[in-house]
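K.L.:
Provided below for reference: sequence and predicted model.
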Amino acid sequence: MTGFGKSEATLQNKKISVEIRSLNSKQLDLGLRLPAVYRQSEYEIRNVIARTIQRGKVDVFVNVESQAVETSARINREVFREYLRQMTDTLAFSGIDADYDAIVPVIMRLPDVVATETEAIPEEEHAALIAAVEAAAAQLDAFRAQEGAILIADLLRRVELIEQYKEEVVPFEKARTETVKARILDNLSKLAVDVDRNRLEQEMIFYLEKLDITEEKVRLTNHCNYFREVASAEEGAGRKLGFIAQEMGREINTMGSKANEPNIQILVVKMKDELEKIKEQVLNIL
């Protein structure tokens, strides 16, 4: 489910800002971008986020602004001096004139002249970083919970529409039965042959039973009720709601195949349309 969370922590000379963004995904796909000095805290940051967010494509951005002049880079004087000695000797031996303005930039780019030291961040700064991550994750979780409530309300409204269309089928069922009977009798009368009326009634009852959709309507009602129950009572119900929607689809498809009546077919199409929207939205639920 999509969401956004942001938090900041202010220290004496630093401001740490954390942003977390999430998109829909079946599993937790966590991407983390943070300054090199905070790499030592990466494992803990990931654990903090995983405890709050179980699913989604999550991107975490950590930024630090420092008001003090700080650098972890150090010039290795001994290495610099040795490079300078060898280079001046080599140039002199080759008869090449070069001043220090040309030599120094070249030496500074040579291996081991500038070294970056990894220093442990102070405990106070580490605690502020983790607190900022927790606050941003909590804000994102609240954002997603609010979006989820709106989404559930929309799903339940579509389930109501499916049941409404199902009830609208009822008036057409009896008319459909009479239409089928009339069509069969009309076709038989055109054949001009003797018909065993008892056998005809038996065959028509058997045929009409095949077209009966009462069982499908009852099962569809049960699935709709179960959908409401799961949506209202369970956390992380997205996958289960997807399975229930599949079962609803089976009953609606069977009703469509048995319909044999244009008005019922129209209502079945409307039910399928609402069900497809439900399936799309369910993917956004944890």
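P.N.:
Okay, I see it.
K.L.:
Leaving out chain neighbours, which residue sits closest to residue 15?
P.N.:
residue 65 (4.6 Å; Cβ to Cβ, 6 or more residues apart in numbering). C-beta here means a position set from N, CA and C on the backbone, and glycine is covered the same way.
K.L.:
Am I right that the one you found is in a strand?
P.N.:
Yes - residue state for residue 65 (DSSP: H, G, I helix; E, B strand; the rest coil) corresponds to a strand.
K.L.:
So residue 139 belongs to a helix, correct?
P.N.:
Yes - under three-state DSSP, residue 139 falls within a helix.
K.L.:
Who does the residue lying closest to it once chain neighbours are set aside form a beta bridge with?
P.N.:
Of all residues not flanking residue 139 in the chain, residue 5 sits nearest, at 3.5 Å (Cβ to Cβ, 6+ apart). Per DSSP bridges, the residues bridged to residue 5 are residue 20.
K.L.:
Count residues in the vicinity of residue 5, would you?
P.N.:
By the measure other Cβ atoms under 10 Å, the count of residues near residue 5 is 24.
K.L.:
just checking, it touches residue 144?
P.N.:
No - under the criterion of Cβ atoms under 8 Å, residue 5 is not in contact with residue 144, lying 9.1 Å apart.
K.L.:
Please give me every residue in contact with the residue nearest to residue 15.
P.N.:
By Cβ atoms under 8 Å, 6 or more residues apart in numbering, the residues touching residue 65 are 14-15, 17.
K.L.:
Tell me the spacing between residue 22 and residue 239.
P.N.:
18 Å (Cβ to Cβ, to the nearest Å).
K.L.:
Looking at those two, which one has more neighbours?
P.N.:
More crowded of residue 22 and residue 239, by other Cβ under 10 Å: residue 22, with 26 against 13.
K.L.:
And the helices in the stretch 101-250 of the chain?
P.N.:
Assigned by DSSP state H, counting those that start in this stretch, the stretch 101-250 of the chain shows helices spanning 123-191, 197-211, 214-233, 238-259.
K.L.:
Need the ones you listed in a markdown table (columns: distance to residue 107).
P.N.:
As requested, the helices of the stretch 101-250 of the chain are exported to a markdown table (distance: least, Cβ to Cβ, whole Å):
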| stretch | distance to residue 107 |
| --- | --- |
| helix 123-191 | 35 |
| helix 197-211 | 92 |
| helix 214-233 | 69 |
| helix 238-259 | 60 |
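K.L.:
Deepest in the core, which of those is it.
P.N.:
helix 238-259 (a mean of 18; mean count of other Cβ atoms under 10 Å).
K.L.:
helices or strands up against that one?
P.N.:
helix 123-191, helix 214-233, helix 262-282 (3 or more Cβ pairs under 8 Å, 6 or more residues apart in numbering; DSSP states H and E).
K.L.:
didn't residue 41 look like it was pressed against residue 129?
P.N.:
Yes - applying Cβ under 8 Å, one finds residue 41 in contact with residue 129, separated by 5.9 Å.
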